[in-house]
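Participant: take this sequence and fold it.
(chains A and B)
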Amino acid sequence: MKRTYSLVLFLIGMGLTQASVAKLNIFACEPEWASLVQALGGSQVTTTVATTAHQDPHRIEPRPSLIAKVRRADLLVCSGAELEIGWLPMLQRQAGNRKVLPGRVGYFETAQQVERLGIPEKLDRSMGDVHASGNPHVHLDPHRLLKIASALSERLITLDPSNTAHYRSRFDDFTSRWQQAVQQWQRIAEPLKGARVVVHHQDWDYLFDWLQIVKAGSLEPKPGLPTSAGHLAKLRQALKEEPAVAIIYTHYQSPKAANRLSQLTGIVALELPYTVGGGEGVTDLFSLYDETLKRLLKVIP
Amino acid sequence: MYFPISIVTALLFALGSAAVVAGDGGGFNPSISLILDGRFTSYDNGTDYELPGFMLGGEAGRGEEGFHLGHNELAISANVDDMFYGKLTAVVADHEGDTEVELEEAFIETLALGHGLAVKGGRFFSGIGYLNQQHPHAWDFSDAPLIYRGLFGDQLRDDGLQISWVAPTEHYLKLGGEMTRGERFPAGGASHDGKGAGSLFIKIGGDIGESQAWQIGLSHWQADIEDRTSGGHHHDDGTAEIPTYNGDSQISGVDFVWKWAPAGNASERNLKLQAEYFIRDEEGTVVMDDGSETPEMSTYDGEQKGWYLQTVYQFMPRWRVGLRYDRLESDNRGSDEEVLSEAGLDDEGHTPERLTLMSDYAHSEYSRLRLQFAKDDSNEDRDHILTLQYLMSLGPHGAHRF
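Facilitator: Have a look, this model is predicted:
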């Protein structure tokens, strides 16, 4: 009796999966990757995104709705490098979708496609929330992003070879627009070189690496740990000796700590979009970079 | 049920060289994670704990007074290969002066059957209810709801097989079934050649906008029970009688959880509301086993039910407060009311209830300090219970369920 029952369920499952073959069903962990997938896949992909710019990608509830989405996905596009370690493995284990398990063709980790910064030499919980595979916030360096786009486009072709020409032409189009934009961004960002900036979390390492901005301190005493009065006092002292031009944070972080330090030091606190959807008019990766530079240049003329 | 501690020690030495780097068990070395749980509890009431109308078993009880250790557990888990995942959890506890290790969980689970199917085998927490699958260290209060204490002896777990299926639908829909041995409380006797208990559960869930998420579950459990015993009844002349139940047992339940966080960002503030209701029907006989040829006995037709409602609010990073209300009811009948009363099945005209307040501080996601206060009317003698607790987690520790 039980056996017939599961056989019936199995067949229903098969039927429903077959029906959704027409378009690639893509589950992006963060909005920046949803935007990239949409740019590269166009009409051939349906994209759902697990998080918004208002949510901390380190801390997401493995909600029932996300399990249902992973269950139906053909491809997961996530940062990897342990950014999603607190919730994605739980979704993968619960969804029962073998196509998107680690090591399978349906699981794509963007941070694994590029060289990562901040790979720790030693791992210890007393150091805070450190990632063994390095800093996973890789999308704010345009050169690394293009490398990721290339690998992701290849992955789409592997999954959906009948539309190879479509994916190739979209990738070529994206590349030429991106390269043009990068040249312009580099030109206008010239004044940012060497500027000293305080950050909330290590979200900005790749942006700083690209623009040669100097990290003057972090509001989090250790990665992932909330700031404390003692730590702010220490920062204030350090900034007295070597001042900075801005304190940056993003939408998913509370502005309280940045504003407090701003009051203490007179250094301007600045909210940056960080990802797609993180500010007005930030609707894709191009406008994300445009707006980030615009806001930085406003305080660092 | 209890294994010498040397087994685990040996196991640990065998793995001793496996220096674990922060990983998720995907490497060659298994993940070893340790939960440390210590408490200080004070009670007003010196009498033995009882829950009128319920035959207690399993872990049920109010715990020790003063400084004592809680639920210290060691878990070893890893992907066995690309098809299976395996996990063993051992609880280390003192029982009457001896340190013993209890095998809390030991199961394997398929990883890659696909089509939404998963099969789990071994000893595991049943998928029924909401709280049942969570480890005690993931609970929001330091003890189980009264209905879990009364029906399951805190938690339902058994040895057997579980099959579950997630539907490929827009909304979350999961169906599951279990067939288990039926030897542990609240079953007993491993009837039907060691296939004495079974369960079915269904869960649905989804989001409301980007700030709210919910899940509703329905579950059913049943068992044919042979010789289930519960806490003894002592007479003044020194003889003891052990209430022993034979018959069938059915438990049905509904569970609900709703979570809110502003714009779905739980790191600053978040709110959780959760409620569960269970009802148990039993029909059989109760024997007061005193070792004699002709023990007292009674037919027994019982119904016990109860619910709890709790809410936990994180009002700023690291800090949470919570409130929980428990309420139970029972209606047990039989041919000999006195026997039922001696077996703890008389509700004594009392409706057990409890109100619990909790506040905790998590320095990081790996450490938590908790203060809890309960006004406990489990029985006629009201108790005020104050608990101080630490809960620490060492080593790689996977995500918790929704």
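Participant: show me where the chain has its helices.
Facilitator: No chain was given, so I picked chain A. A:2-19, A:31-41, A:64-72, A:88-95, A:142-159, A:164-188, A:205-211, A:229-241, A:256-265, A:285-299 (DSSP state H).
Participant: chain B is the one I meant
Facilitator: Using DSSP H, helices in chain B cover B:5-14, B:146-152, B:191-194, B:337-342.
Participant: hey, least reliable of these by pLDDT?
Facilitator: Least confidently modelled of the helices of chain B is helix B:5-14, at a mean of 48 by mean pLDDT.
Participant: just give the nearest non-adjacent residue to the residue in the stretch 1-150 of chain A that chain B sits nearest to, would you?
Facilitator: Per CB to the nearest CB, A:P64 is where the stretch 1-150 of chain A lies closest to chain B, at 2.7 Å. (Each C-beta comes from the backbone N, C-alpha and C, glycine too.) Sequence neighbours aside, B:G205 is the residue nearest to A:P64 in space, at 2.7 Å (criterion: CB to CB, 6 or more residues apart in numbering or on different chains).
Participant: that neighbour contacts B:A167, doesn't it?
Facilitator: No - counting by CB atoms under 8 Å, B:G205 does not reach B:A167; the two are 11.8 Å apart.
Participant: what's the neighbour count on the closest residue to A:L140 other than its chain neighbours?
Facilitator: Spatial nearest neighbour of A:L140, excluding adjacent residues (CB to CB, 6+ apart): A:L207 at 3.8 Å. A:L207: 25 surrounding residues under other CB atoms under 10 Å in any protein chain shown.
Participant: give the contact list for A:L207.
Facilitator: Counting by CB atoms under 8 Å, 6 or more residues apart in numbering or on different chains, A:L207 touches A:140-141, A:213, A:292.
Participant: state the distance from it to A:S150.
Facilitator: Counting by CB to CB, to the nearest Å, the separation of A:L207 from A:S150 is 20 Å.
Participant: and what of B:S230?
Facilitator: 66 Å.
Participant: same thing with B:H135?
Facilitator: 43 Å.
Participant: the two: who's more crowded?
Facilitator: The neighbour count for B:H135 versus A:S150, taken as other CB under 10 Å, is higher for B:H135 (18 against 15).
Participant: so where's the stretch 201-350 of chain B shaky on pLDDT?
Facilitator: B:232-239 (pLDDT under 70).
Participant: and whichever residue of it sits closest to chain A, what is it in contact with?
Facilitator: Residue of the stretch 201-350 of chain B nearest chain A, by CB to the nearest CB: B:G205 (2.7 Å). Applying CB under 8 Å, 6+ apart, one finds that B:G205 lies in contact with A:63-65, B:171-172, B:213-216, B:402.
Participant: of these, buried ones?
Facilitator: Among these, those classed as buried by neighbour count (16 or more other CB atoms under 10 Å in any protein chain shown) are A:63-65, B:172, B:213-216, B:402.
Participant: contacting residues for B:L340?
Facilitator: B:286, B:298, B:300, B:332-334, B:346.
Participant: give me every residue that touches the nearest residue to it once chain neighbours are set aside.
Facilitator: Once flanking residues are discounted, B:L340 sits nearest to B:G334: 4.9 Å by CB to CB, 6+ apart. Residues counted as contacts of B:G334 (CB under 8 Å, 6+ apart) are B:286, B:298-302, B:340, B:345.
Participant: need the pLDDT of residue 70.
Facilitator: You didn't say which chain, so I picked chain A. So A:V70 comes in at 97 (pLDDT).
Participant: ah, I was thinking of chain B
Facilitator: Reported pLDDT for B:G70: 89.
Participant: take the buried ones among the contacts of B:G205 and lay them out in a markdown table including distance to B:Y277.
Facilitator: Formatted as a markdown table, those follow (distance: CB to CB, whole Å):
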| residue | distance to B:Y277 |
| --- | --- |
| A:R63 | 23 |
| A:P64 | 20 |
| A:S65 | 24 |
| B:Y172 | 21 |
| B:A213 | 21 |
| B:W214 | 16 |
| B:Q215 | 15 |
| B:I216 | 12 |
| B:F402 | 19 |
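Participant: just the residues contacting stretch A:233-253, thanks.
Facilitator: A:53-57, A:195-201, A:203-204, A:216-217, A:219, A:255, A:257-258, A:261-262, A:264-265, A:267-275, A:278-279, A:296, A:299-300, B:265, B:267.
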